[in-house]
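Student: Pasted the sequence and its predicted model underneath.
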Amino acid sequence: MDSASIIKDRRILHKIPEIGMELPRTADYCEQALRGMGLMPRRIGDGLIVDLGSAGPLFAWRADMDALPIQEETGADFASTIPGRMHACGHDAHMAIALGIARHYSTEGAPLPCRLRLIFQPGEEGYGGALRMIRAEALEGVEAIAGLHVGCFSAELAKGCFGTRKGTLMGSVDAFEVTFKGTGTHGAYPNRGADPLLAACQFVAGLQTVRYRAVSPVRPASLSIGSIQAGTVFAVIPELAVVKGGTRATTGEDQAALLAGVRSLAEGIAMANGIGVRFEHVPIAPMTANTDPALPDLLAASVAEVLGADSFRWLADPIIGGEDFGEFLLRVPGVFFFLATNPDGCEAQHHHPGFSVADEVLPGAVLVVDALIRNWAAAQR
């Protein structure tokens with residue numbers, strides 16, 4: 001196991017974070033690394049795939065590639081070299097693990113018991129990258145898929161520990177935009193207009209009642225506002241007020257109830273204030289659900305085989321963080337899981353400027369994936 005190369009890849013990729021669907025330096029690095037192993041990657045869907053092996057059923061492993069618009073504050077000597085951009089969600093580690101898997105089977109000579117497709121996906125952070133790869137036929141012929149997320153998702157997982165659950169693992173993510181349209185006027189004469197900003201404030205204040213009434217308090221869900229935009233000067237009541245937010249849920253029923261409640265509240269407040277309203281919904285990611293019971297069991301067995309039973313935990317509850325890996329799981333059997341990687345003494349969570357990864361636990365993920373592939377291939381015979 002070439003642990004040094006996995007860590008080197010992760011740190012190089014950490015220095016060159018790119019955002020969204022167009023990731024030229026990141027994709028070039030991964031492609032050249034794969035070609036250096038004697039492999040033949042192909043660019044599709046703004047990402048790339050590479051196939052290994054020549055016989056047997058086809059198993060896929062996915063790694064996402066994009067970063068976030070965050071100014072890094074880790075102080076690491078391999079910190080981002082691009083101002084205002086950072087790998088603050090661990091996707092650099094995901095790519096390094098995928099490259100480690102490729103190296104394990106290509107240059108290190110580990111036997112591959114089936115065919116394997118590595119999928120390097122752009123745009124996981126709300127850009128629809130998984131769907132783009134699926135539409136470009138990244139899943140063509142795939143019979144099962146797996147992926148992981150590094151970080152610290154649960155207090156149940158100590159550093160270096162893997163965890164998952166059967167059924168829903170991560171929540172759905174939906175964005176909404178509510179535009180209140182009133183009648184602008186001078187601030188001294190509010191009676192001559194219709195104030196959309198007042199309606200927007202009433203809407204935001206009332207939103208938590210939607211959460212409490214739509215979803216059982218014992219089920220994970222959230223409803224949040226990230227932006228309110230209205231007006232430019234203190235003495236003018238604006239014509240428009242735009243509120244942007246999102247919902248997250250762990251059941252389809254709760255997902256629909258939250259969105260319906262947000263829309264109903266917006267329309268009712270607009271009517272009460274005598275103004276217009278437009279509600280727009282943008283689905284970001286479905287729930288990430290391990291609906292095939294066999295693969296989570298194979299994962300648990302694989303972790304125990306190579307690292308010991310204490311390195312795996314069945315998680316009690318889903319989390320409401322989202323992941324577009326759920327798009328793959330809607331189409332083929334698979335398993336998604338977590339690897340706890342927060343360095344000792346670091347409490348920074350995902351999407352925080354201080355987020356970091358304990359590099360030393362990444363090689364263990366390659367060994368786990370190798371065992372998972374072997375156990376899955378054996379089960380297909």
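Tutor: Nice, thanks for sending it over. Numbers count the residues shown, from 1 in each chain.
Student: Please enumerate the helices of this protein.
Tutor: In the chain, the segments counted as helices under DSSP state H are 3-15, 24-36, 91-106, 129-135, 196-214, 252-273, 294-307, 326-329, 362-380.
Student: Each with direction, which strands does the least confident helix or strand in the chain by mean pLDDT pair with?
Tutor: Scoring the helices and strands of the chain by mean pLDDT, DSSP states H and E places strand 185-186 at the bottom, with a mean of 90. Pairing partners of strand 185-186, with direction, according to DSSP bridges: strand 236-237 (antiparallel).
Student: Deepest in the core, which of the helices of the chain is it.
Tutor: Most buried of these, by mean neighbour count (mean count of other Cβ atoms under 10 Å): helix 91-106, with a mean of 25. Where you see a C-beta, it was placed from the backbone N, CA and C, and this is true even at glycine.
Student: And that helix, what does it pack against?
Tutor: helix 3-15, helix 24-36, strand 47-52, strand 58-64, strand 115-121, strand 144-151, helix 362-380 (3 or more Cβ pairs under 8 Å, 6 or more residues apart in numbering; DSSP states H and E).
Student: Which one of these lies nearest to Ala98?
Tutor: Across the helices and strands packed on helix 91-106, Ala98 has its closest neighbour in strand 58-64 (3.7 Å, Cβ to Cβ).
Student: how many degrees apart are the closest one and helix 362-380 in direction?
Tutor: 150 degrees (axes from the mean of the first three to the mean of the last three Cα atoms, to 10 degrees).
Student: So which elements touch strand 58-64?
Tutor: Checking 3+ Cβ pairs under 8 Å, 6+ apart, strand 58-64 ends up next to helix 91-106, strand 115-121, strand 144-151, helix 362-380.
Student: Indicate which one of these is closest to Gly163.
Tutor: strand 144-151 (10.0 Å).
Student: Taking their axis directions, the closest one and helix 3-15 sit at what angle?
Tutor: 70 degrees.
Student: Strand 144-151 pairs with which strands?
Tutor: strand 58-64 (parallel), strand 334-340 (parallel).
Student: coming back round to it: let's have the helices of the chain in JSON lines, adding distance to Cys152 and mean pLDDT.
Tutor: Shown next, in JSON lines, are those (distance: least, Cβ to Cβ, whole Å; pLDDT from 0 to 100):
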{"stretch": "helix 3-15", "distance to Cys152": "17", "mean pLDDT": "97"}
{"stretch": "helix 24-36", "distance to Cys152": "24", "mean pLDDT": "97"}
{"stretch": "helix 91-106", "distance to Cys152": "13", "mean pLDDT": "97"}
{"stretch": "helix 129-135", "distance to Cys152": "23", "mean pLDDT": "96"}
{"stretch": "helix 196-214", "distance to Cys152": "25", "mean pLDDT": "93"}
{"stretch": "helix 252-273", "distance to Cys152": "25", "mean pLDDT": "96"}
{"stretch": "helix 294-307", "distance to Cys152": "18", "mean pLDDT": "97"}
{"stretch": "helix 326-329", "distance to Cys152": "21", "mean pLDDT": "97"}
{"stretch": "helix 362-380", "distance to Cys152": "15", "mean pLDDT": "96"}
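Student: For the least confident helix or strand of the chain, which outside residues touch it?
Tutor: 192-193, 235-237 (Cβ atoms under 8 Å, 6 or more residues apart in numbering).
Student: Most neighbours among those residues, please name it.
Tutor: Ile237 (23 neighbours; other Cβ atoms under 10 Å).
Student: Look up which residues are beta-bridged to that one.
Tutor: Here Ile237, judged by DSSP bridges, has bridge partners Thr185.
Student: any idea how far it is from Pro190?
Tutor: 6 Å (Cβ to Cβ, to the nearest Å).
Student: Please apply the same query to His14.
Tutor: Taking Cβ to Cβ, one finds His14 at 52 Å from Pro190.
Student: before we move on, what about Glu140?
Tutor: With Cβ to Cβ as the criterion, Glu140 and Pro190 are 60 Å apart.
Student: Who are the contact partners of the residue sitting nearest the centre point of the chain?
Tutor: When Cα atoms, centre = their mean is applied to the chain, the residue found nearest the centroid is Glu323 (3.2 Å). Counting by Cβ under 8 Å, 6+ apart, Glu323 makes contact with 124, 149, 170, 285, 288, 336.
Student: for Ser216, same thing?
Tutor: Asp254.
Student: again with Ala272
Tutor: Contacts of Ala272 (Cβ under 8 Å, 6+ apart): none.
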